[in-house]
Structure formats: C-alpha cells, structure tokens
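> Here is a sequence together with a model predicted from it:
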Amino acid sequence: MAVRHRLTSVETVLEEGSWLFTVRDARGDEEEEVILVPCDDDDRGPVEAWVNRCTHEEQRLHREDVGAVIRDGGIVCPKHGSVFESCSGYCDNGEAANTTLVDVGIEVEDGEVYLTDDDASFLREGGAGNDEDEGGPSSTSHIQF
C-alpha cells in the first residue's frame with residue numbers, strides 16, 4: 001500500500017488552474033511528471049491527477065511558466081491542440097483522438113489533495129524543468145475560438 005502524501009490544497013489547484021509534481025515509479029527506475037487539474041464532476045471530486053504527457057507524442061501538457069491550458073473543462077495539448085476531458089482524461093479529437101491520459105491515484109480529504117497511488121512515490125513539487133526541447137505548436141489546430 002502506498003504511503004499517503006499530502007500534495008497541495010484543492011483551493012491552490014482551482015486558483016492556479018493546474019499543479020505539477022514529480023513521482024518515481026514503484027520500481028524506482030523512472031521519474032514521471034503528474035498534473036492536478038480542476039474537475040467539475042460531483043462523482044469524481046474537485047480535482048484529478050494525470051501523467052503530464054499527451055498520448056499522441058512526448059509532449060508535456062503542463063509547461064513551466066504557463067501551466068496547463070484548460071478550456072471548457074478540457075486540457076489542451078500545446079503541440080497539436082487535442083483536448084482531454086479534465087475529469088475522465090479522454091480525448092475525442094485531433095491527433096490523440098480515442099485515447100485517455102494515464103491516471104495517478106489521489107484522494108481529497110478536508111480540502112487537501114493526497115497522493116495514494118501504489119505505483120508512485122512523491123519526489124518533489126514541480127517538474128523536470130526542461131521545456132526547451134519541446135517546440136510549441138507545430139501545425140494548425142482543429143480548435144475553434
């Protein structure tokens with residue numbers, strides 16, 4: 001059973017729009033960035049946690065100094081514009097259509113968010129700090145404003 005680790009408050013996630021942290025996998029081999037995002041679904045809770053990576057390519061969804069772009073309850077991939085539902089992680093459009101983000105186990109109790117995933121142990125707040133090698137949008141997007 002995973003050790004329950006306090007991450008942040010629900011209020012912080014809602015105010016900032018997303019919150020990034022880094023975990024190590026259960027084998028201790030690999031670090032993985034995870035984002036907390038607001039979820040407006042009474043059955044799921046006020047926030048959800050997803051691996052910070054588009055399912056189409058190795059593209060971060062949450063980027064330093066920007067955060068995650070959330071539009072109409074969806075997380076927008078900054079490279080190709082695919083939109084993942086914040087609460088379910090599912091994408092029904094663009095390059096990542098018919099895929100779902102990898103979830104990370106969390107619990108919310110008394111307004112605080114805890115990491116509870118048996119396959120992940122908390123390392124630090126924030127990410128790897130290496131957005132330079134990931135170019136911005138490289139094609140026109142299917143997103144309409």
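Great, that's in hand. Residues are numbered from 1 along each chain as shown.
> Let me see the contact set for the residue nearest to residue 16 when sequence neighbours are not counted.
If you skip the residues right next to it in sequence, residue 16 has residue 67 as its closest partner in space, 6.5 Å away by CB to CB, 6 or more residues apart in numbering. For the C-beta atoms, the positions are set from N, CA and C on the backbone; glycine is no exception. With contact taken as CB atoms under 8 Å, 6 or more residues apart in numbering, residue 67 is in contact with 16-18, 20.
> low-scoring stretches of the chain, by residue?
Applying pLDDT under 70 to the chain picks out residues 1-2, 129-145.
> All the helices of it, in order from the start?
Residue ranges of the helices in the chain, as given by DSSP state H, are 10-16.
> Counting neighbours, what do you get for the closest residue to residue 113 other than its chain neighbours?
Excluding the flanking residues, the one nearest residue 113 by CB to CB, 6+ apart is residue 7, at 4.6 Å. Other residues within reach of residue 7, judged by other CB atoms under 10 Å, total 20.
> what sits against residue 7?
Residue 7 makes contact with 19, 21, 36, 106, 112-115, 122, 125 under the criterion CB under 8 Å, 6+ apart.
> Just the buried residues out of those, in ChimeraX syntax.
Burial among the contacts of residue 7 is assessed by 16 or more other CB atoms under 10 Å; the matching ChimeraX selection reads:
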select :19,21,36,106,113,114,115,122
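> Which of the contacts of residue 7 fall within strands?
Among these, the residues falling in strands (DSSP state E) are 19, 21, 36, 106, 112-115, 122, 125.
> Contacts only, for residue 4.
For residue 4, the contacting residues are 107, 114-116, taking CB under 8 Å, 6+ apart as the criterion.
> Dump the ones in strands among the contacts of residue 7 into CSV; add distance to residue 96 as well.
Compiled in CSV, the ones in strands among the contacts of residue 7 are given as follows (distance: CB to CB, whole Å):
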residue, distance to residue 96
19, 22
21, 23
36, 20
106, 22
112, 31
113, 25
114, 29
115, 25
122, 27
125, 27
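> So which of these is the closest to residue 93?
The shortest gap between residue 93 and any of these belongs to residue 36, at 23.1 Å (CB to CB).
> which one is the closest one nearest to, not counting chain neighbours?
Closest to residue 36 by CB to CB, 6+ apart is residue 19, at 4.3 Å.
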